[in-house]
Each structure stands twice: as C-alpha cells, then as structure tokens.
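Enquirer: The sequence and its predicted three-dimensional model are supplied below.
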Amino acid sequence: MLASIATVAFEGVEARRVDVQVQQLSSEHGHFNIVGLPDKAVAESRERVRGAFAGIGLALPAKRIIANLAPADLPKEGSHFDLPIALALLASMGVIAPDALEGWAALGELGLDGRIAAVGGTLPAAVALSAMGLGLICPEANGPEAAWAGDVRILAPRSLIGLINHFKGVQVMAAPAPGPVAMGERVPDLREVKGQESAKRALEVAAAGGHNLLFIGPPGSGKSMMAARLPGLLPPLTPQELLETSMVWSVAGLIERGALTRDRPFRAPHHSASMAALTGGGHRAKPGEASLAHNGVLFLDELPEYSAQALDSLRQPLETGEIIVARANHHVKYPARFQLVAAMNPCRCGVGGVGKGACGKAPRCQRDYQNRISGPMFDRIDLTVETPPVTAADMALPPPAEGTAEAAARVAAAREAQIERVREAGLDPFEGLNARASGATLDRFAVPDEAGKALLMRAGEAGGLTARGWTRTLRLARTIADLEGATGVLRRHIAEALIYRRTTTEAEGDFDRQAARRSSIPAW
C-alpha cells in the first residue's frame, strides 16, 4: 500500500516542497530503504523511526519498505524528515487512515521513546506551506514559532502516540498560539561615554543612514564601548524586517519556544572566525554571522586580526545584501543586509605613531598593520573615525547632558524622513535608507548645491575618491542633511562627509574641517 505526506527541504531560508512516499513490498523481509538523495541524517531516520515505533508498542511490518523523497534530484538534509516518514509509514500500515494526511505537511525529529523533538526552520516552512494551502504538523516546542506564520493550520504534538490519537479521534489538539515578543537585553547608554565627541557624532550619522563605520584608535579609547551602544540608537524592526530576520534565525535553530524580538540583531564574532563562520557554509550550509546580522549590525572588533579571506568574503554582501554559498550540485542563498561596524588599533602595538609611548617603528608599523585590510574593503566603509586616547580631564568631566534617548530620537526622525521621501516618490522600499540609495535616487534627492558640487569635484579630481567613494559620499551627505532637517545637500554636508571618508588630497584645506565640525548636530 502506498501512502504519502508533504514536507519541505531548505535551500537557505527558502522551503521547497518534498513529497514523502512510503510503499511496502512483499519480498525481501526486513529491509527499510530511504531514497531521493538523502544525507547521513536523513538516512539514519529509518533507525529513529524503527526505535520510535518500538517505543509506542508498534513493530515494522515484515516486508520491504521503501521511502521515496521526491523530487529525487533535490538534496535532502536534516533530521526533520523523521516525522513525515513515520506518518506515511503509519498510513501505509493502516494505523491511521491514509486520507487523514491529505492537506498536511510535517516536519520533526523522533526520539526512540516516540517523542517529537524540536527542529530548525519551522517558521519559513510554515510560511511556505501556508502559500501552498497546506497545514503543518510540527513538534510541540516549535508550535508557537509556526503560529507566527499567520493563516495556517497547525498541529503541534508532543509525541507520536498523541498524534495517532488525534487522527483516530480519541483526543483533539488545540492550535498553538504565537510565542511572546521578547524584550532584548538592556543596551548601555551613550551618556556613560566621556569624551570622543566626534566619534559620537559619527555613530549617530551611521545609525541614521545605516552606513558602515570604522573606529581607529589605541586600546582603551572607547571603540568597543561606543559600538556596543549603537543598538540603542536604532529603531525596532518593522513587521517585514521582523519576519525576514526571524526566518534566518529559525533556520539556524536560534528561536526558543517561538519567542521573537523586535530588537535589531547585533552580532560580534571573535576575530578567529573563519570565512564559513562569517558568510555561512559547513556540511549543511548553515547561515553565518553576516546572515544572522540581517537587518542589524555586524561588529568586527580587532578588524586586521581577521583573516584576509574572511574579510574579503564580506565585500559582495556589503554591496548586494545577500550571500550565495556555492556547492557542486546546488547553490544556497541567505539574506545578509547588515550594517558593518568595526574597530581596530592604529598598529600592532596599539599606540600608533604620535603621543606618549608612540611606536618606535612608525609609520611603517601602522602601514603594514592597516595593509592587512584590502583597499576594496576600506572603500566600502563610509565613515572612518579616529578615537584619540581619553584624557584625565575628559574622565573628570560630569556625564554628558545628552545620551542614547536624545540621539535615538534624532536618528528616528532622520530615518522617517528617508522612508517618507522614498514612499512619496514611489521608489523601491529597499531604498528607504540612504546607505542603500541607488544612483538614480541620489540624482533626484542628493544633488549638492554649487559650492558642494565644486568641493566634491576637487576631491574627485585630486584622486581621493573612487566611483564607489563618490556615490557613498553623496549618500553620507544626504544622511547628514537629514539629521539637520535640511531639504537639500549643502557644502557643509559634503565637507563633513569627505572628512569621514578620510579623503586626503592637496585640496584638503578646502574642506574647511572646522566649519564642518561647527555645523555638526548635535553639540554633544
């Protein structure tokens, strides 16, 4: 007798339909084969299914059993195929009615006692199955997560015997409710940071436009301290962003009991992280840190200490907002639209070539250390800010008058202006942040005045800007203007943007650094 039920196979965060077909043959007693390009975890399902059946008092039929996972050319990975194989086998044995499985899909891992264990990817599976018009049978622990998918029928049994009783009408399972919206950890306040007024300003600009940011300074100057306060400046995730981010975290198995959070991700991997750890990969092509930071922040401390291969692997996602892990027989795509924030010492010894205790090998030591980061990677960083040592006079000052709450309000107003501008123009909502604005959008909303255009032309002609640098300077200037509440991009906005771009040319004197500083908002 042939029985079947649907399930899914994951390609990144995309869930593709798989039909599990189970048939019993009269010959070759005792064989249980799984076909359809299964990996090791799927091939082991037959032993878990056999043990789960024994745990609830059932024995496999004395026949040859074949479980086919169609389509056969799609790789099948993971333990979540246990439950659909078991259900199709139960229907084939007549334990449950074959038509009871119509309109349902299942995923879950079986224990040897018949319990159904949690698996990753329940949320994207529920979203995909809802679009297919199918209900979802998933582990009890994953039920609150699946319920976030909205209009989809869900059964979330604790054990295989409970599911059998439900289909036989002995008991009825209630649909699970969506999990809670969890509160994130408390973010430290900017008011705790003394000194570093220009770095605070850069942090606010980066938060307002979603720009990439690099702090360069000696140890103890507050680089990591300020980066840790960036999440407090960012607005909460929108509903669409929450769904996108949660789907990535679901595939990675990081959602517990269906609890979601509207706080933006803040990922800070150690500098020993490999390329696969940053971009994703491994045996099952799991999402990496860059994808887990989707719609949030990826903080790389001690930037030159990362391997050159790992750093350069981030160059493409910084431009495209996605990561493609290439395999011999298929490609896996993960979203990776993150804001890069990094910190580094000026040289290996940390103190650089100026001030007390200056490095005796300067400037060669600084040049060699910073050359660990490729030029194309530096070109993708919008703001580069030096953080000089904090003096005793700075530490003796009272706490600043403004902190995270005041800065976050300005960031929210600037972001709202960007989103409203794009909405009114009927443009792609993806360009809602200035850091993502296309050339056509910049030509429409970020045209500088004559003085600003002349300043930008001088910087470009002097060789201080690449074509990418030109575009990113305009994006940055537009953000500075939004923070000021200006409708147009003026010369002082271009000047401040060029300072952050670390444009060093013979025309640098024309940038009027002091004027740009005086125009900065706010006065920290």
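Expert: Perfect, I can see it now.
Enquirer: Got the phi and psi for residue 323?
Expert: As for residue 323, its main-chain torsions (degrees, to the nearest 10) stand at phi -120, psi 130.
Enquirer: check contacts around it.
Expert: 279, 280, 288, 290, 291, 316, 317, 333, 334, 335, 336 (C-beta atoms under 8 Å, 6 or more residues apart in numbering). Heads up, the C-betas are built off the backbone N, CA and C, glycines and all.
Enquirer: What of residue 287?
Expert: Contacts of residue 287 by C-beta under 8 Å, 6+ apart are 12, 13, 248, 251, 252, 280, 334.
Enquirer: What are the buried residues along stretch 176-191?
Expert: 176, 178, 179, 187, 188, 190, 191 (16 or more other C-beta atoms under 10 Å).
Enquirer: Touching, the first one and residue 146? I think so.
Expert: What it means is residue 176. Yes. Taking contacts as C-beta atoms under 8 Å, residue 176 lies within contact range of residue 146: 7.1 Å.
Enquirer: what is in contact with the two at once?
Expert: Contacts common to residue 176 and residue 146, judged by C-beta under 8 Å, 6+ apart, are 154, 156, 258.
Enquirer: In this protein, where's the longest helix?
Expert: As assigned by DSSP state H, the longest helix anywhere in the chain is helix 404-425.
Enquirer: Next SSE downstream of that helix?
Expert: Following helix 404-425 in sequence order, the next helix or strand is helix 439-445 (DSSP states H and E).
Enquirer: quick one: low-confidence ranges for the stretch 251-400 of the chain?
Expert: Low-confidence segments of the stretch 251-400 of the chain (pLDDT under 70): 328-329, 352-358, 360.
Enquirer: all strands of it, in order?
Expert: 266-267, 297-300, 322-326, 331-335, 339-344, 383-386 (DSSP state E, counting those that start in this stretch).
Enquirer: Quick one: neighbours of residue 175, just the number.
Expert: 13 (other C-beta atoms under 10 Å).
Enquirer: what is the closest residue in space to it that isn't next to it in sequence paired to in the beta sheet?
Expert: Among residues not flanking residue 175 along the chain, residue 154 sits closest, at 5.4 Å (C-beta to C-beta, 6 or more residues apart in numbering). Counting by DSSP bridges, residue 154 is bridged to residue 136.
Enquirer: Might you report the residue contacts of residue 154?
Expert: 126, 135, 136, 137, 138, 143, 146, 147, 175, 176.
Enquirer: What about residue 99, how many residues nearby?
Expert: 9.
Enquirer: What separation do you get for it and residue 135?
Expert: Using C-beta to C-beta, to the nearest Å, residue 99 is found at 14 Å from residue 135.
Enquirer: swap in residue 377?
Expert: 47 Å.
Enquirer: quick one on the thing from earlier: tell me which of the strands of the stretch 251-400 of the chain approaches residue 75 most closely.
Expert: Shortest distance between residue 75 and the strands of the stretch 251-400 of the chain, using C-beta to C-beta, is found for strand 331-335: 9.8 Å.
Enquirer: Can you list the buried residues in that closest one?
Expert: Buried-residue list, strand 331-335, by 16+ other C-beta under 10 Å: 332, 333, 334, 335.
Enquirer: and if you look at stretch 129-137?
Expert: 129, 130, 134, 135, 136, 137.
Enquirer: Check these and tell me the two furthest apart.
Expert: 130 and 137 (13.8 Å).
Enquirer: returning to what we had before: from the buried residues of strand 331-335, which is closest to residue 205?
Expert: residue 335 (24.9 Å).
Enquirer: can you tell me how far the closest residue to the closest one other than its chain neighbours sits from residue 394?
Expert: Distance criterion C-beta to C-beta, 6+ apart; nearest residue to residue 335, sequence neighbours excluded, is residue 294 at 4.9 Å. Residue 294 sits 36 Å away from residue 394, going by C-beta to C-beta.
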